[in-house]
Every structure is written in C-alpha cells, then in structure tokens.
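Asker: after the sequence you'll find the predicted model.
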Amino acid sequence: MKNSSIRFGLFTSLVAAALVATGCVSSHHACCSMPMSSVQTKASQAAMTPTQALAELKAGNERFVAGKSLHRDFPAQVKATAGGQYPFAVVLSCLDSRQPIEIVLDQGVGDIFSARVAGNVLNDDILGSLEFACKASGAKLIAVIGHSNCGAIKGAIDDVQLGNLTGLLTKVKPAIDAVPEDDQARTSKNYKFVDEVSEANVKLVLKEIRERSPILSEMLDKDEIGLVGGMYDLKTGKVQFYDTDAK
Ligand SMILES: [Zn+2]
C-alpha cells in the first residue's frame, strides 16, 4: 500500500515535471488527485521545441495505451481557448473512426491541429493547412500518422472505383509501387503487404511535404519545426513513431 502510494506520487511528479518542462501548467483533479491538463498558451507554445513536441505526443500515446489519459475539464478548456489557439503540433492522419487522433495521443482542446483525410494523403489544401499551422500559427512539429489495416490503402490496392473516392485513391497508388516486389501476395487480403503500403504512403507524404512546400522546407532546414511519420496499431492503440529529424 505504502509502496504503491509512493509509486503513484512518483508518477504524478513525473507527469507534472513533464508538463512543466513543456511549459504547460498542471493542476490536480478535485476528486482523485490525478493530474489535470491545462491548455496551451502563447508562452508554452513559444517555449516548446520540435523535440519536446514529439516527446509530448509520444508521452500522450503512452498515457492512452496505459489507460492513464489526463483528466480534462473540456468546458473549462473551451472557455480558456476561446480567445486564441497555440497548438504545439499539427497531425495529418486518416479518416478512420478507430484512430481519433486527439484521444489516442491524449491531447485536449487547443493542443494540436488535426487534418484528417482517408489514407492521410496530401493535397494542396492539406499542404496549405500545414503551412497555416506552422508558419502562421506557430506549431513546432508536423506528424503524419497512418494506421494498420487501412481501408483507403486496401481500396487503392484493389483499384476501387467509386465517385470522388477514385481520385483520392490515385494519390495512394505510388505507395503500392514503392513496396519492392517479393514472394508475398500483393493483395488487400495480405495484411503485411497492406501495412507495408501504409508505411510507404506515410514516407512518401513526408517527402512530398518537403518537396512541395518551400515554406515548410525552409522552416525544417532552420530547425524551426520538425517532421515525423508514424503508424497507429488498431489492435494495441500504440503509435510507432519513425526516426525523425526533429530538433
Ligand atoms: Zn485508414
């Protein structure tokens, strides 16, 4: 009993220290003394580096997987953010209902920008949104997060034709070609192949962001922002982040 309360105390101290380190002030939930998250401010956003932004996304996903997401008073966060927003990251992820990105990264109101589109593909409007998030609004990290068993990836592999979806899936097709030919079946029934295409898709999007946006490319070269890819596992809730050049 004593040991567990010491461990719990250590845990809350570590979380509090992590929040202070990211410039985010914490308080404690009235009924259970669990740490509560407050909102991002101009000062907390300015104090954060791309590396710290990535560390907070990783820590948030670890909290989510462990069932230890921070308590949030959402109505209070709505009021606190009404006058302005200072998100520390922008995440491009899939439309899939099983990957609600703020929840799986344990982030609250005003913490991250979120762009969601089937297959987490890039287009001019998404690219413009990323530029808005970083250049105009101060976000320190772009994260592109695909997921396992993605229906959009499977649709592209199966060459699905369906209204406007056809054009969207065309954007995924270069990722199919990017997976080297080997003995495995290149079909949507082969989950390993589907996930390899998802990973290739994320990596192509990362490359495209640099190539198609002089604004973001310059910010990356100056280490003003970081760029990272990752894959969300629908079975475990875990995000595996790839190696990054975030500093
Ligand atoms: Zn998907």
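Answerer: Noted; the coordinates are in hand.
Asker: show the backbone phi and psi for residue 147.
Answerer: Phi and psi for residue 147, reported as degrees, to the nearest 10, are phi -150, psi 160.
Asker: excluding chain neighbours, what is closest to it?
Answerer: Of all residues not flanking residue 147 in the chain, residue 232 sits nearest, at 4.0 Å (CB to CB, 6 or more residues apart in numbering). Where C-beta positions appear, they are placed from N, C-alpha and C, glycine not excepted.
Asker: residues making contact with the lengthiest helix in the chain?
Answerer: Longest helix in the chain, counting residues (DSSP state H): helix 191-212. Identification of contacts with helix 191-212 by CB atoms under 8 Å, 6 or more residues apart in numbering yields 92, 119-122, 127, 130, 142, 144-150, 153-154, 156-157, 172, 174-176, 178-179, 184-188, 216-217, 220, 227-231, 242.
Asker: what ranges does this protein have for its helices?
Answerer: Assigned by DSSP H, the helices in the chain fall at 2-21, 42-47, 50-65, 74-81, 101-104, 124-131, 151-157, 165-170, 173-178, 191-212, 214-221.
Asker: what about the chain, any weak spots by pLDDT?
Answerer: 1-36, 244-247 (pLDDT under 70).
Asker: make it 90
Answerer: 1-38, 243-247 (pLDDT under 90).
Asker: and it, which of its residues are near the ion?
Answerer: Contact residues, the chain versus the ion (CB under 5 Å from the ion): 94, 96, 150, 152.
Asker: rerun that using 6 Å as the cut-off
Answerer: Counting by CB under 6 Å from the ion, the chain comes close to the ion at 94, 96, 119, 147, 150, 151, 152.
Asker: ok, the nearest residue to the third one once chain neighbours are set aside - contacts?
Answerer: Once its chain neighbours are removed from consideration, residue 119 has its nearest residue in residue 152; the separation is 3.2 Å (CB to CB, 6+ apart). In this structure, residue 152 makes contact with 94, 95, 118, 119, 121, 168, 169, 172, judged by CB under 8 Å, 6+ apart.
Asker: circling back: wouldn't the residue nearest to residue 147 be in contact with residue 100 here?
Answerer: No: Residue 232 is beyond contact range of residue 100, at 10.3 Å (criterion: CB atoms under 8 Å).
Asker: so between those two, which is more surrounded?
Answerer: residue 232 (24 against 12; other CB atoms under 10 Å).
Asker: neighbours of the closest residue in space to residue 41 that isn't next to it in sequence, how many?
Answerer: Spatial nearest neighbour of residue 41, chain neighbours left out: residue 86 (5.9 Å); criterion: CB to CB, 6+ apart. Neighbour count of residue 86, defined by other CB under 10 Å: 20.
Asker: surely residue 86 touches residue 45?
Answerer: Yes: contact criterion CB under 8 Å: residue 86 and residue 45 qualify, at 3.8 Å.
Asker: now the common contact residues for the two.
Answerer: With CB under 8 Å, 6+ apart as the test, residue 86 and residue 45 both reach residue 138.
Asker: just to revisit the earlier point, identify the residues contacting the residue nearest to residue 41.
Answerer: Residues near residue 86 by CB under 8 Å, 6+ apart: 40, 41, 42, 44, 45, 110, 137, 138.
Asker: list the contacts of the residue nearest the centre of the chain.
Answerer: Nearest to the geometric centre of the chain sits residue 91, at 4.2 Å (CA atoms, centre = their mean). Neighbouring residues of residue 91 by CB under 8 Å, 6+ apart: 57, 101, 105, 112, 113, 114, 115, 142, 143, 144, 145.
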